[in-house]
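A.B. asks: Okay, predicted coordinates and the sequence, questions at the end:
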Amino acid sequence: MTSIRWGSGRWTHPPVAAVARGSDLLVTAAEGSDAWRTTSYGFVHDSEHALLAPFDQDTAVEVEFTAAFSEQFDQAGIFVRVSETHWVKAGVEYADGRPQLGAVVTDGRSDWSLAAVPDWRDRKVLMRVSRSGDALTIRAAVDGGPLQLVRLVPFAPDLVAEAGPFTCAPTRAGLTIAFHAWRTTSADAALH
């Protein structure tokens, strides 16, 4: 397992602030920031704050953050980007009054899967995206607990991709997320 330095990534869209505090990176999202393409809502939002580095085949990326959310659609996790129309975001999003664990998979149009995790609010979350074969395997854990499967996503092995931590604040100003770790390691050996 190898830690990735916060300064070695590139931002898709610079946040309001990104301040190192010890080993953490505190990222303040701009009001209205989000990532979405067309489906159901009819709009395209391409203003997320994702800090990205190369994401090679047969590797996994992990991001740890505290899910300190309180407003509709506050969100953080891992962003995997191929292009402005082909990307995945996986993490925790505050929706309908509670934290939700899920993923948005976008290839021209976005979809959204989620499951309520009300007891994850204000706790440390680990998101892991493993790239192997023709798929991304998304897993998550809270407070050092066991990883659980979130989603399996088709992802061609020849795609050139980047991945890293992201946050968005679609409905408010002032969301600051504490990211605790960003690292890479070997891809998961099996789905189950």
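C.D. replies: On my side now, so go ahead. Just so we're clear, the structure is a prediction, and the values are computed from it rather than from any experiment.
A.B. asks: and the spatially most central residue of the chain, what is it in contact with?
C.D. replies: The residue lying closest to the centre of the chain (Cα atoms, centre = their mean) is I78, at 2.1 Å. Residues near I78 by Cβ atoms under 8 Å, 6 or more residues apart in numbering: 61-63, 89-91, 127-129, 138, 163-166. Where you see a C-beta, it was placed from the backbone N, CA and C, and this is true even at glycine.
A.B. asks: From those, pick the one nearest V104.
C.D. replies: In terms of Cβ to Cβ, no member of the contacts of I78 lies closer to V104 than K89, at 5.0 Å.
A.B. asks: my guess is that closest one contacts H49, does it?
C.D. replies: No. K89 is beyond contact range of H49, at 11.2 Å (criterion: Cβ atoms under 8 Å).
A.B. asks: any common contacting residues for those two?
C.D. replies: The overlap between the contact sets of K89 and H49 (Cβ under 8 Å, 6+ apart) consists of F166.
A.B. asks: Compare neighbour counts for these two and give me the winner.
C.D. replies: Counted by other Cβ atoms under 10 Å, K89 and H49 do not tie: K89 has more neighbours, with 28 against 25.
A.B. asks: so which of the contacts of I78 is the most crowded?
C.D. replies: The member of those that has the most neighbours, counting by other Cβ under 10 Å, is F166 with 34 neighbours.
A.B. asks: Now name the helix or strand holding it.
C.D. replies: According to DSSP states H and E, F166 maps onto strand 161-168.
A.B. asks: could you point out which element follows that strand?
C.D. replies: Next element after strand 161-168 (DSSP H and E): strand 176-186.
A.B. asks: Now do that following strand and strand 161-168, the angle between them.
C.D. replies: With axes from the mean of the first three to the mean of the last three Cα atoms, to 10 degrees defining the directions, strand 176-186 sits at 160 degrees from strand 161-168.
A.B. asks: Only the buried residues of strand 176-186, if you could.
C.D. replies: Residues of strand 176-186 classed as buried: 176-182, 184 (neighbour count, 16 or more other Cβ atoms under 10 Å).
A.B. asks: which other residues reach that strand?
C.D. replies: Residues contacting strand 176-186 (Cβ under 8 Å, 6+ apart): 1-4, 6, 9, 17, 21, 23-29, 51, 53, 58-66, 68, 76, 124, 164-165, 167.
A.B. asks: Swap in 6 Å and give it another go.
C.D. replies: Here strand 176-186 makes contact (Cβ atoms under 6 Å, 6 or more residues apart in numbering) with 1-4, 24-28, 59-66, 76, 165, 167.
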